[in-house]
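> Sequence first, then the predicted structure, then my questions.
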Amino acid sequence: MFETERFKYAYDINTARVLRVNPIIYSLLSHWDWADNRIGAMLNEQEERVSAARTTVLKLSAENEYFSTKRPLSIDTFHTRRRIEKKLETECRQMTLGVSEQCNMRCAYCPYTGNSPGERRHSAKLMSWETARAAIDFFVDHCSGTWDEYYRQRAEIKGGRIIKRMDLMNRPCIGFYGGEPLINWPVIKRAIEYIRALPRGHEYHINMTTNGTLLEPRIVDFLARKQVALLVSLDGPRAYHDRYRRMANGEATFDLIASRLSYIHDTYPEYYDRQVGLMMVVAPPADWLKLLEFELTWELMPERPSTFTVIGEMTPRSFWDQVPQGSAIANADLMWQQYCDEIIRGNIPYRPEIFDKKEYRKIAFLRSMWDVQLLTVYGRTRNILGGSTQVPDRVHTHFGMCLPGELRIFVTADGRFLPCERVPSEAQAFQIGDVSSGFNFNAIGRLCKENAHKVEQLCLSCWNLRTCHIKCNSIVGADGRLSRSARLRACKKSKEATNALFVRMCSLLEQEPEALKFLDEI
């Protein structure tokens with residue numbers, strides 16, 4: 001049950017429908033076991049009207065399956081042993097090589113700087129060329145099905161078929177990550193040359209996440225020739241960036257990174273616009289309006305819209321200890337209103353034939369804030385549980401965890417496989433193989449099962465079952481293992497976030513009933 005400023009609503013998990021209801025039905029559904037006269041007294045309504053509303057609810061339940069008391073009897077993971085082995089044999093999509101555990105910076109919110117549960121600290125460890133080559137060979141041997149699907153979809157698109165963005169298969173991707181990956185430049189350079197020399201090597205998407213401080217001209221010249229996409233960490237304007245992103249000796253870094261970007265911008269303008277992007281970490285205190293202003297006005301802003309991430313569960317305690325108490329990230333509500341205004345004006349989805357680049361950047365920024373969030377309520381209610389209107393007896397769900405190894409494989413400097421770079425690198429629960437022996441299917445299956453069974457009984461009766469969006473890196477305990485208490489904390493936050501999204505979504509649809517149709521294409 002939730003309400004906007006104008007109306008009251010009931011979200012019915014059984015049918016995945018959101019129903020606008022009158023105040024009597026709203027109170028009745030909230031207090032179904034109460035007697036009609038008690039509800040009437042609470043609302044100052046006649047008992048007869050409450051009884052009539054109860055009859056309406058029972059009729060809706062009988063005719064439309066609304067408000068059913070049916071709940072799943074059991075919940076299990078999608079990821080059965082057979083499915084795990086079949087998918088991972090040929091359908092791996094991205095491998096990221098953690099080529100360096102060294103870093104020349106000490107960002108205050110970095111999990112490697114603090115003492116996060118299950119996380120490593122900065123170290124002198126570098127990935128060897130032998131480990132990098134073995135990892136690349138393993139990935140190439142396990143992505144043939146991804147290539148087949150990529151080519152099939154491209155042929156269908158040429159034939160006129162429209163494929164939703166979320167269903168679109170990208171080229172297999174190999175990336176480089178750290179610490180600061182460019183500290184291990186010799187291995188990166190050799191790996192890129194090796195990849196590009198492979199059959200179909202020119203087609204692999206290669207990317208690198210870097211702090212930007214080591215992007216010297218000789219390195220940039222090579223990366224531009226080899227068409228390596230760069231994601232450079234820059235936290236907005238100088239005042240924001242230099243608060244938390246400093247060199248190991250304490251020096252500020254904004255001006256140095258800007259000078260590196262300026263060289264790329266001036267020397268390789270086409271490469272800069274097509275292959276360089278910025279990643280902003282949004283940390284309090286901050287203001288979304290100032291970040292948007294930076295996005296629209298900074299002279300070195302690449303053509304590709306920036307991506308950003310708001311600091312969350314794995315941010316070390318040492319960071320929060322230095323943030324002023326009560327600090328927040330301001331003006332999210334104002335950004336939401338701007339997003340709604342653009343939708344109602346018909347500017348989303350963006351039409352390049354009408355609007356200039358500055359407007360495109362603004363719209364892209366707003367969409368990156370809200371599109372994916374809204375899909376958790378607008379899209380998942382249609383897609384999870386197979387689109388069934390009746391919740392089945394046995395529900396298969398991912399419990400916030402993709403199939404480890406399918407979407408990403410993160411390879412540590414010493415050759416261990418993790419599901420992605422966001423999970424704690426020393427957490428034993430997330431070790432899913434290594435370059436020597438390949439995938440450990442027993443470990444992958446155990447991780448999926450353990451994740452599913454931590455809170456299975458609580459999930460059986462949870463209204464957020466279809467729309468839960470807990471991330472696997474948020475359910476790790478102090479011992480680096482999957483934790484029931486951490487899961488419950490994440491569950492509480494997920495329900496709060498989902499409820500807020502339902503309110504935002506319905507408030508927008510009250511203004512324009514067709515407002516979110518563009519999400520059908522994502």
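Noted; the coordinates are in hand.
> Show me the strands in the stretch 351-500 of the chain, by range?
394-397, 409-411, 416-418, 433-434, 438-439 (DSSP state E, counting those that start in this stretch).
> any chance of those strands in a markdown table, with distance to Pro111 and mean pLDDT too?
In this view, the C-beta of every residue, glycine as well, is placed from N, C-alpha and C. Listed next are the strands of the stretch 351-500 of the chain as a markdown table, based on distance: least, CB to CB, whole Å; pLDDT from 0 to 100:
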| stretch | distance to Pro111 | mean pLDDT |
| --- | --- | --- |
| strand 394-397 | 27 | 71 |
| strand 409-411 | 14 | 97 |
| strand 416-418 | 13 | 96 |
| strand 433-434 | 22 | 97 |
| strand 438-439 | 25 | 97 |
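> Quick check: which of the ones you listed is buried the most?
Greatest average neighbour count among those goes to strand 409-411 (a mean of 25), per mean count of other CB atoms under 10 Å.
> Show me what that one is packed up against.
Counting contacts by 3 or more CB pairs under 8 Å, 6 or more residues apart in numbering; DSSP states H and E, strand 409-411 is packed against strand 94-98, helix 129-141, strand 416-418.
> Show me the shaky parts of the stretch 1-150 of the chain.
115 (pLDDT under 70).
> now the helices for it?
23-30, 36-43, 47-64, 81-90, 129-141, 144-158 (DSSP state H, counting those that start in this stretch).
> Sort out which residues of the fourth one are buried, please.
What that stands for is helix 81-90. Ile84, Lys87, Leu88 (16 or more other CB atoms under 10 Å).
> Let me have those in CSV, extended by distance to Tyr244.
Output for the buried residues of helix 81-90, formatted as CSV (distance: CB to CB, whole Å):
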residue, distance to Tyr244
Ile84, 39
Lys87, 38
Leu88, 37
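> for these, which one is nearest Pro349?
Lys87 (31.8 Å; CB to CB).
> Now do the contacts for the closest one.
Lys87 is in contact with Leu403, Glu406, counting by CB atoms under 8 Å, 6 or more residues apart in numbering.
> cool, and Lys164?
Asp520, Glu521, Ile522.
> hmm, which of these are the buried ones?
Ile522.
> Out of the contacts of Lys164, which is nearest to Leu403?
Ile522 (21.3 Å).
> I figured that closest one hits Leu375, correct?
Yes. Using CB atoms under 8 Å, Ile522 is in contact with Leu375, at 6.4 Å.
> Which neighbours do these two have in common?
Joint contacts of Ile522 and Leu375 (CB under 8 Å, 6+ apart) are Met166.
> out of the helices of the stretch 1-150 of the chain, nearest to Tyr263?
Short answer: helix 129-141, nearest of these by CB to CB, at 26.8 Å.
> Go through this structure and flag its longest helix.
For the chain, the helix that runs over the most residues, judged by DSSP state H, is helix 484-511.
> what's it packed up against?
strand 2-3, strand 8-12, strand 17-21, helix 332-344, helix 357-378.
> Out of the helices of the stretch 1-150 of the chain, which is closest to Lys495?
That would be helix 23-30 among the helices of the stretch 1-150 of the chain, by CB to CB, at 16.1 Å.
> Buried residues, the closest one. List them.
Ile24, Ile25, Tyr26, Ser27, Leu28, Leu29.
> and the angle for it with helix 36-43?
For helix 23-30 against helix 36-43, the angle by axes from the mean of the first three to the mean of the last three CA atoms, to 10 degrees is 120 degrees.
> can you give me the helices in the stretch 201-350 of the chain?
Counting by DSSP H, counting those that start in this stretch, the helices of the stretch 201-350 of the chain are 217-225, 238-244, 254-267, 269-275, 288-297, 317-320, 332-344.
> CSV please, covering the helices of the stretch 1-150 of the chain and showing distance to Ser507.
As requested, the helices of the stretch 1-150 of the chain are exported to CSV (distance: least, CB to CB, whole Å):
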stretch, distance to Ser507
helix 23-30, 16
helix 36-43, 24
helix 47-64, 24
helix 81-90, 39
helix 129-141, 45
helix 144-158, 35
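> which stretch among the ones you listed comes nearest Arg317?
helix 129-141 (32.3 Å).
> Name all residues that make contact with the nearest residue to Glu421 once chain neighbours are set aside.
Nearest residue to Glu421 in three dimensions, chain neighbours excluded: Phe410, at 4.6 Å (CB to CB, 6 or more residues apart in numbering). Residues near Phe410 by CB under 8 Å, 6+ apart: Met95, Thr96, Gly98, Tyr177, Phe417, Leu418, Pro419, Cys420, Glu421, Val423.
> surely Trp370 meets Tyr339?
Yes. With contacts counted by CB under 8 Å, Trp370 reaches Tyr339, the gap being 5.1 Å.
> Run the chain-centre distance for stretch 27-34.
37 Å (CA atoms, centre = their mean, to the nearest Å).
> With stretch 258-269 instead?
29 Å.
> who touches it?
Against stretch 258-269 from outside (CB under 8 Å, 6+ apart): 212-217, 220, 224, 230, 232, 234, 271-272, 276, 300, 302.
> before we move on, the earlier item: quick check: bridge partners of the residue nearest to Glu421?
Beta-bridge partners recorded for Phe410 (DSSP bridges): Thr96, Leu418.
> now the contacts of stretch 258-269: which count as buried?
Among the contacts of stretch 258-269, those buried by neighbour count (16+ other CB under 10 Å) are 212-213, 215, 220, 224, 230, 232, 234, 271-272, 276, 300, 302.
> Can you tell me which of those is nearest Met247?
Thr213 (7.5 Å).
> Please report how far the closest residue to Asn64 other than its chain neighbours lies from Ala124.
What sits nearest to Asn64 in space, not counting adjacent residues and going by CB to CB, 6+ apart, is Thr15, at 7.1 Å. Here the criterion is CB to CB, to the nearest Å. By it, Thr15 lies 57 Å from Ala124.
> circling back: who wins for proximity to Met247 among the helices and strands packed on strand 409-411?
strand 94-98 (20.9 Å).
> Figure out how far the closest one is from the centre of its chain.
Worked out by CA atoms, centre = their mean, strand 94-98 lies 17 Å from the chain centre.
> what comes into contact with it?
127, 132, 135-136, 138-139, 172-179, 181, 191, 407-413, 420-421, 425.
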